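[1] this one's sequence-less:
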């Protein structure tokens with residue numbers, strides 16, 4: 001007797017992002033096993049990320065065979081003038097469309113600068129380098145020590161923060177316990193006035209730590225260690241600032257692994273990506289609340305990464321990016337609507353190979369890449385294509401003991417004009433995927449927006465960008481995994497629905 005078809009309809013497949021923490025068969029179909037080169041769009045669908053277009057035109061000339069642009073920062077002067085500084089090939093550049101060498105006489109052997117502006121001057125710090133200052137009154141970039149208004153000896157720290165009307169500097173080779181600060185409203189004054197320092201040796205809650213990052217949030221000075229956090233209030237007057245909180249067994253992995261969202265401060269701990277506000281509330285063991293659904297992945301990435309992990313929050317796209325440059329993957333956390341467990345919906349990006357990020361005053365996301373400064377837009381990486389992948393977790397149709405005979409999968413997409421889409425399916429945790437390939441129409445759009453697999457779509461004057469393809473499938477197994485892949489080359493695409501039709505057979 002013929003068995004009736006049973007359906008699994010996955011509306012907005014991958015809506016909840018990647019989940020590699022929980023047992024695959026126990027997961028809601030809204031979770032993805034793989035969602036690469038994707039974002040979660042405003043409609044809650046898995047959609048293609050944007051790529052980047054080059055802003056600078058002479059990168060190959062000035063960067064030579066170096067890694068590329070490894071640091072970017074924007075200086076907004078009091079008169080509204082905006083200058084973008086960048087670093088690569090052991091040089092400092094300014095400009096966007098044309099990178100102009102401003103290195104001058106500075107001796108530079110690395111490009112991992114942290115940049116900050118204070119009182120209409122722009123400062124650059126990195127480990128074992130004389131810190132630099134750009135003074136718009138002279139348009140010169142010099143060492144701070146060479147500036148005619150300097151007082152005292154500038155600290156050669158790796159970490160620099162402009163907050164509470166002064167510069168804060170830490171992570172000096174040979175002394176990772178002390179934080180230093182300049183006089184009020186003057187990053188050139190390192191002695192006298194209200195300048196000073198604080199040794200945290202007796203402050204760390206676990207007895208010993210070293211400063212890894214600094215931040216200002218909600219009028220508090222946040223000092224991150226590797227395994228602890230200390231919080232000071234009243235930092236506008238360092239002489240009277242007070243220790244208001246300490247957090248044990250949670251810290252930050254590196255200087256650039258923090259990003260402010262305005263309402264919160266996100267940071268990468270060895271246990272995962274965390275929210276400062278939740279960490280202060282809970283003071284719990286390090287479980288990585290923001291990245292909870294991919295924590296094991298994040299932990300392994302942190303351990304494997306030998307480069308500089310960098311993060312950025314993009315308010316226009318409402319995502320937090322965490323880049324592992326040597327590993328070659330970016331984790332994208334959608335911040336619009338947290339999941340019930342408090343985590344953020346997560347996707348990954350590969351192939352882009354960013355080195356650093358900067359959100360400009362005009363809310364553009366600048367990206368340092370091999371060939372110069374780029375910005376996040378378009379649907380190519382420079383002029384190259386990139387692959388998008390979505391794969392579900394294994395689906396059992398409610399009973400993993402019975403055989404499933406997959407008959408048809410209806411794939412509903414948005415946009416993706418002229419793209420070739422591949423439907424993948426495999427049974428019983430095997431990687432031998434069967435495939436069905438079809439081409440999306442040139443959207444004068446398909447009549448009723450439905451066409452049969454390997455047939456020609458009918459067209460009308462309807463301009464809708466929704467298209468459903470019915471792909472015939474075959475084979476059998478106890479569980480089935482579904483995937484959709486395509487190449488992004490100038491056109492966005494989003495996956496709106498998967499309707500999976502199967503008959504159910506005997507107990508396997």
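    Good, I have the coordinates. Just so you know, these numbers come straight off a predicted model, no measurement behind them. Numbers count the residues shown, from 1 in each chain.

[2] I'd say residue 296 and residue 20 touch.
    Yes: counting by CB atoms under 8 Å, residue 296 touches residue 20, with 6.5 Å between them. In short, each C-beta sits where N, CA and C put it, glycine included.

[3] so which of the two has more stuff around it?
    residue 20 (18 against 13; other CB atoms under 10 Å).

[4] report the contact partners of the more buried one.
    The contact partners of residue 20, by CB atoms under 8 Å, 6 or more residues apart in numbering, come to 33, 293-294, 296-297.

[5] list only buried entries from those residues.
    Neighbour-count burial (16 or more other CB atoms under 10 Å) applied to those gives 33, 293-294, 297.

[6] and which of those residues is nearest to residue 359?
    Comparing the buried ones among the contacts of residue 20 against residue 359 with CB to CB places residue 294 closest, at 23.7 Å.

[7] that closest one belongs to a helix?
    Yes: under the criterion used here (DSSP: H, G, I helix; E, B strand; the rest coil), residue 294 sits inside a helix.

[8] so it makes contact with residue 22?
    No: in this structure residue 294 lies outside contact range of residue 22 using CB under 8 Å: 10.9 Å.

[9] where does pLDDT dip in this structure?
    Within the chain, the set of residues satisfying pLDDT under 70 comprises 1-3, 281-288, 444-464.

[10] repeat the analysis, applying 90 as the threshold.
    Within the chain, the ranges that satisfy pLDDT under 90 run 1-8, 23-27, 206, 262-263, 277-289, 337, 341, 396-402, 442-465, 504-508.

[11] what kind of secondary structure is the residue nearest the centre of the chain in?
    The chain has residue 321 as the residue nearest its centroid, 1.0 Å off, counting by CA atoms, centre = their mean. What three-state DSSP gives for residue 321 is strand.

[12] got it, and the one 5 residues further on?
    Local secondary structure at residue 326 is given as coil here, using three-state DSSP.

[13] with adjacent residues omitted, what lies nearest to it?
    In this structure, residue 326 finds its nearest non-sequential neighbour in residue 307, 4.2 Å apart by CB to CB, 6 or more residues apart in numbering.

[14] surely the one you found is in a helix?
    No: under three-state DSSP, residue 307 sits outside any helix and is assigned coil.

[15] for residue 280, see how far away it is.
    Separation of residue 307 from residue 280 (CB to CB, to the nearest Å): 30 Å.

[16] for the two, indicate the residue with more neighbours.
    Taking other CB under 10 Å, residue 307 and residue 280 do not tie; residue 280 has more neighbours (19 against 16).

[17] in whichever strand or helix holds that one, what's buried?
    Element membership for residue 280 (DSSP states H and E) is helix 276-282. Buried residues in helix 276-282, counted by 16+ other CB under 10 Å: 276, 279-280.

[18] so which of those residues would you say is closest to residue 339?
    Of the buried residues of helix 276-282, the one sitting nearest to residue 339 (CB to CB) turns out to be residue 279, at 18.0 Å.

[19] residues contacting the closest one?
    Counting by CB under 8 Å, 6+ apart, residue 279 touches 229, 247, 250, 289.

[20] out of those residues, who has the most neighbours?
    residue 229 (29 neighbours).

[21] any idea how far the nearest residue to that one once chain neighbours are set aside lies from residue 115?
    Once flanking residues are discounted, residue 229 sits nearest to residue 247: 4.1 Å by CB to CB, 6+ apart. Look at residue 247 and residue 115: by CB to CB, they are 27 Å apart.

[22] repeat for residue 74
    Counting by CB to CB, the gap from residue 74 to residue 115 is 8 Å.

[23] so between the two, which is more surrounded?
    residue 115 (23 against 20).

[24] okay, now the sheet partners of the host helix or strand of that one, with direction.
    Assigned by DSSP H and E, residue 115 belongs to strand 114-118. Applying DSSP bridges, strand 114-118 is found paired with strand 121-125 (antiparallel).
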